[in-house]
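Asks: compute the structure for the input listed below.
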Amino acid sequence: MKLSEDTVAAISTAMAPSGIGIVRLSGDEAVTIADKIYRSPKENKRLSQQPSHTIHYGWIQDEGINIDEVLVMLMRGPHSYTGEDTVEINCHGGILSVQKVLETAIKHGARPAEPGEFTKRAFLSGRIDLSQAEAVMDVISAKNEYALKSSLGQLKGSILEKIKEIRAAVIYEIAYIESALDDPEHINIDGYGEKLEVVMDEQITKINRLLATVDEGKMMQEGIKTVIVGKPNVGKSSLLNLLVGEEKAIVTDIAGTTRDVLEETINLQGISLRMLDTAGIREASDKVEQIGVDRAREHAKDADLILYVVDSSVPMDDNDKEIIQLISGRKAMVLLNKSDLESVVTLEQIKEMVDAPILSISAKESHGIEELEDRIKTLFFAGELSFNDEVYITNARHKKGLEDAKKSLEQVLQSIEMDMPEDFFSIDLMSAYESLGEIIGESVGEDLVNEIFSKFCTGK
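Replies: Sure, this is the predicted structure:
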């Protein structure tokens, strides 16, 4: 893949009224184009004569007409985000003024940038690897504190370092085998299989550690899919409204009010929860309500967390027995709601029926909600997350690359066990090396790179 010779320009801030707007230019002609449209209050001052990493006050002009008052930041390659000469024009944040500045830059020689092209250029120029490039978009789209910290860690190269470490061990063994096959007189490979087996076990263990973070990594990025289930009129919608902080779900005394799934994303102590309020589970005579009940059962099957709400003021019945079967073996919490009323269902009764944490709450009185938040945090992330050394795999592409590499290394172990010739080891080792290389972009096709960057916003 070659770096484009064009100089590109795009708006790098949101297209909405704001304090400032930024138009970014990158490429060999970025400074030359900026020179054509920038005018300084100082006569004869030209950007091309200014040192790198400096900011200059002035105006953007087109045919002698002032477009906007600006600050222009000059960054010469390779010490820029893209690794190329880069100019960032900071203008007023009105939609029209930013658009006019961009149009002026394009008129004088720049090409409109494609989605993600600035970050793609950073990757192609070697400034960042592919995992870091993907982390850029993850930082932008982070929905909670943990997702942001994880993405920032990846942006600093946390995944790159782990992958490079494993690849270095693998390529050493490939080189050793190839050298031994080329020069058998001087390199003895007797007993080599036993030594290689130890190395393979070590690398597979490292990959397993990374793969073990996939589930939590996915939840950090996308949020914990949390399904609220229970019989009709137990307070599921009231709980959702309380957690969201506004009246999102209709609440009445009529059983079966909720007939469809209502989804809202909330943030609890830095953790995103995709909350799904569902229809009360019972055998409904109404066809529409029954569809809602069926959807509730389906969503519960693939939930990360099930909140089973029980009305503690009403005796349990056969519908509760069905729900208990539904949550059996799942990550769930039982919420004994309406604790402000006289209790009929006790904690002891629930403990005999359900193997899950049990909390007494009152959605009406907002009682027990802080403890619920703490329990959820502990349930998923052992109470806290540390990003000093821990790397979380949050990208499905990275997961597949690790799984493919693991399979290849396990094939090496199988070949050792079968006492196969050493060149068989080399084939699978190279396959693992390339699978790991796909994660950081060292062995990846142009089509995949284009697909990845097409998902970026235009100005990044």
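Asks: and the strands in the stretch 251-400 of the chain?
Replies: Across the stretch 251-400 of the chain, reading from the start of the chain, the strands by DSSP state E, counting those that start in this stretch fall at 262-268, 271-277, 305-311, 332-337, 358-360.
Asks: what strands line up against the shortest one, and which way round?
Replies: Sheet partners assigned to strand 358-360 using DSSP bridges are listed as strand 332-337 (parallel).
Asks: do the second one as well
Replies: Pairing partners of strand 271-277, with direction, according to DSSP bridges: strand 224-229 (parallel), strand 262-268 (antiparallel).
Asks: avg pLDDT for the longest one?
Replies: This means strand 262-268. Taken as a whole, strand 262-268 has an average pLDDT of 79.
Asks: please renumber the chain so that the first residue is 32 from this point on.
Replies: Fine by me, first position is 32 from now on; the one you just mentioned is strand 293-299.
Asks: could you dump that strand to CSV, C-alpha only?
Replies: Taking only C-alpha atoms (Å, rounded to 0.1, in the frame of the first residue of the first chain), the coordinates of strand 293-299 have been written out as CSV:
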residue,chain,number,x,y,z
LEU,A,293,-37.7,-0.5,25.7
GLU,A,294,-33.9,0.1,25.6
GLU,A,295,-31.9,2.8,27.2
THR,A,296,-28.2,3.2,27.9
ILE,A,297,-27.2,4.5,31.3
ASN,A,298,-23.9,5.1,33.0
LEU,A,299,-23.4,3.7,36.5
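Asks: which residues does that strand contact?
Replies: Defining contact as Cβ atoms under 8 Å, 6 or more residues apart in numbering, one finds that strand 293-299 is touched by 174-175, 254, 268, 271, 274-276, 279-280, 303-308, 404, 407-408. From N, CA and C alone the C-beta is placed, and that goes for glycine too.
Asks: PyMOL command for the buried members of these?
Replies: Restricted to the buried members of those, where burial is judged by 16 or more other Cβ atoms under 10 Å, the PyMOL selection command reads as follows:
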select buried, resi 174+175+254+268+271+274+275+279+280+303+304+305+306+307+308+407+408
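Asks: please name the residues that touch residue 254.
Replies: Taking Cβ under 8 Å, 6+ apart as the criterion, residue 254 is in contact with 174, 175, 296, 302, 303, 304, 305.
Asks: mind doing that once more with 7 Å?
Replies: When the contact criterion is Cβ atoms under 7 Å, 6 or more residues apart in numbering, the partners of residue 254 are 174, 296, 303, 304, 305.
Asks: what does residue 393 give?
Replies: Listed by Cβ under 7 Å, 6+ apart, the contact set of residue 393 reads 368, 369, 370, 371, 399.
Asks: cool, and residue 255?
Replies: If you count contacts by Cβ under 7 Å, 6+ apart, residue 255 has them with 302, 303, 304, 305, 335, 336, 411.
Asks: format those residues as JSON lines; extra columns: distance to residue 491.
Replies: Output for these, formatted as JSON lines (distance: Cβ to Cβ, whole Å):
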{"residue": "302", "distance to residue 491": "26"}
{"residue": "303", "distance to residue 491": "22"}
{"residue": "304", "distance to residue 491": "28"}
{"residue": "305", "distance to residue 491": "25"}
{"residue": "335", "distance to residue 491": "30"}
{"residue": "336", "distance to residue 491": "33"}
{"residue": "411", "distance to residue 491": "30"}
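Asks: next, residue 64: phi, psi?
Replies: According to degrees, to the nearest 10, the main-chain angles of residue 64 amount to phi -70, psi -40.
Asks: excluding chain neighbours, give the residue nearest to it in space.
Replies: On the basis of Cβ to Cβ, 6 or more residues apart in numbering, the spatially nearest residue to residue 64 that is not a chain neighbour turns out to be residue 140, at 4.7 Å.
Asks: how about the helices of the stretch 332-481 of the chain, start to end?
Replies: Read by DSSP state H, counting those that start in this stretch, the stretch 332-481 of the chain holds these helices, from start to end of the chain: 349-358, 378-384, 400-412, 427-448, 453-471, 477-485.
Asks: what's around residue 140, how many residues?
Replies: A total of 17 residues lie near residue 140 under the criterion other Cβ atoms under 10 Å.
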